[in-house]
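Student: Model the structure of this input:
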Amino acid sequence: MDFGELRGTKLIESKLFSAYGVYMTERIMVDSSKIDSSINAVGISWRASLNQAYHSARRIGRVAGFGVAVLAASVCFHAGLPVAFAQNLKQVDGAAMAGDANTEVTKPANLSAKLTKRDVSAAISKVADWQLKRAEPNFSQDWTFAALYAGFMAVPPDADGERYQDAMLSMAKNFAWQPGSRLQHADDHAIGQTYLQLYFKDHDPAMLAPIRQRMNAVMQLPDNPEKPLWWWCDALFMAPPVLAELYKATGDRAYLDFMDHEWWITSAKLYSPENHLFFRDAGYIGKQESNGRAVFWSRGNGWVLAGLARVLTYMPSDYPSRDKYVAQFREMAAAIATLQGEDGL
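Tutor: Reported below is the predicted structural model:
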């Protein structure tokens, strides 16, 4: 499994833009005949079956589970919708910003579901342009925006990625490269992924220093046996990739070792070895749907899969526990593939 190659193709991360515009999956139940989902229509009628992507990827020799990884990465752009506070900390109309209460009359985008470079690039640009125009006046350090920023950074050059990354550079300078205000909360670390991606391009120490200082402080915090540092499953997307990227930026293995320690604490508490899915948090363990099945959150499991893909991108092939991450990724991808509807949702 060559995750470096997988990232290099940008297929996972570019897909998040095209997939975002048409869906918002709320929950997964283990009973595959009952999947609750809703579609957030933002004027885009494009819908590509992720099941099709999965089989297409296998035919071209990519990693098994690719289609599911696409589903996972799409949460980056979904959650990136601005829903909380504007850059100046004034409260904004979250529903209007997210498009859930959009009163605009929109027309079908007439995008293709073909998985060609041209068609995927067109879908990426369509959604990214809409998002940038709508969100930029209200950029913040909140996790909802941080996930959006990660998506912008993933746009490949063929889809005019440099333009979106220039917007991210302006955003980062505006926030002086600072993470959110909460010391230990993973949601406030997520913006560090974009800061570090920009650092990899320009290697300006000023881009690195604030997020490094923050994560150094987090690494000094003692473990709480009653409540893990990353006590909710989506935290595994927010903070671990920052630590993995800090390892790449500095060569200091302590960042990977801390991430590894905390990842498996969270996994031990929230991962179901029987279902190969994560509970959203400990409050869901033991709860059941009306059909008697355990309750899992599909988007939350997408967060974890995307976090795994990002962490593995920067984790050395000889890292002692790397195989555990690969195994968890494969288990989760296989489990989610069996729950996926024919329309890819």
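Student: Quick check, pLDDT for K15.
Tutor: Looking at K15, its pLDDT is 37.
Student: Sorry, slip of the keys, the one I care about is P225.
Tutor: If you check P225, the pLDDT there is 86.
Student: For P320, give its distance to D257.
Tutor: To D257, P320 is 9 Å away according to Cβ to Cβ, to the nearest Å. (C-beta placed from N, C-alpha, C; glycine too.)
Student: can you pull the pLDDT of E342?
Tutor: pLDDT, read off for E342, is 83.
Student: Find the helix or strand that it is a member of.
Tutor: Following DSSP states H and E, there is no helix or strand that holds E342.
Student: ok, K287 - contacts?
Tutor: 294-295 (Cβ atoms under 8 Å, 6 or more residues apart in numbering).
Student: neighbours around R322, how many?
Tutor: Residues contacting R322 under the criterion other Cβ atoms under 10 Å number 17.
Student: With S125 instead?
Tutor: 19.
Student: Tell me if I'm right that it and A159 touch.
Tutor: Yes. At 5.5 Å, S125 counts as touching A159 under the criterion of Cβ atoms under 8 Å.
Student: what do those two both touch?
Tutor: Residues touching both S125 and A159 (Cβ under 8 Å, 6+ apart): none.
Student: Of P320 and D257, which one has the most company?
Tutor: D257 (16 against 10).
Student: From L183, how far out is the more buried one?
Tutor: Taken as Cβ to Cβ, the span from D257 to L183 is 20 Å.
Student: before we move on, what about Y199?
Tutor: Distance from Y199 to L183, by Cβ to Cβ: 21 Å.
Student: same thing with M215?
Tutor: Taking Cβ to Cβ, one finds M215 at 10 Å from L183.
Student: Comparing these two, which residue is more hemmed in?
Tutor: Applying other Cβ under 10 Å to M215 and L183 shows that M215 carries more neighbours, namely 21 against 12.
Student: just the strands in the stretch 151-300 of the chain please.
Tutor: Ranges of strands in the stretch 151-300 of the chain, per DSSP state E, counting those that start in this stretch, are 271-272, 277-278, 295-296.
Student: Could you save those strands as JSON lines and add columns showing mean neighbour count and mean pLDDT?
Tutor: JSON lines is the format used below for those (neighbours: other Cβ atoms under 10 Å; pLDDT from 0 to 100):
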{"stretch": "strand 271-272", "mean neighbour count": "18", "mean pLDDT": "98"}
{"stretch": "strand 277-278", "mean neighbour count": "25", "mean pLDDT": "98"}
{"stretch": "strand 295-296", "mean neighbour count": "20", "mean pLDDT": "95"}
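Student: P210: which of those strands is closest?
Tutor: Nearest to P210, of all the strands of the stretch 151-300 of the chain, is strand 277-278, at 29.9 Å by Cβ to Cβ.
Student: which residues touch the closest one?
Tutor: Residues from elsewhere that reach strand 277-278 (Cβ under 8 Å, 6+ apart): 28, 30, 233, 236, 267, 270-272, 296, 300-301, 304, 332, 335-336.
Student: so where's the stretch 1-150 of the chain uncertain?
Tutor: Residue ranges of the stretch 1-150 of the chain with pLDDT under 70: 1-104.
Student: hmm, 50 instead?
Tutor: Low-confidence segments of the stretch 1-150 of the chain (pLDDT under 50): 1-90.
Student: what do you get for the stretch 201-345 of the chain?
Tutor: Residues of the stretch 201-345 of the chain that meet the cut-off, pLDDT under 50, do not exist.
Student: how about the helices of it, start to end?
Tutor: Per DSSP state H, counting those that start in this stretch, the stretch 201-345 of the chain carries helices over the ranges 205-218, 235-238, 240-250, 253-270, 298-314, 322-339.
Student: Using a markdown table, please lay out the ones you listed together with distance to A282.
Tutor: Formatted as a markdown table, those follow (distance: least, Cβ to Cβ, whole Å):
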| stretch | distance to A282 |
| --- | --- |
| helix 205-218 | 21 |
| helix 235-238 | 13 |
| helix 240-250 | 19 |
| helix 253-270 | 6 |
| helix 298-314 | 13 |
| helix 322-339 | 19 |
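Student: Fine, thanks again, bye for now.
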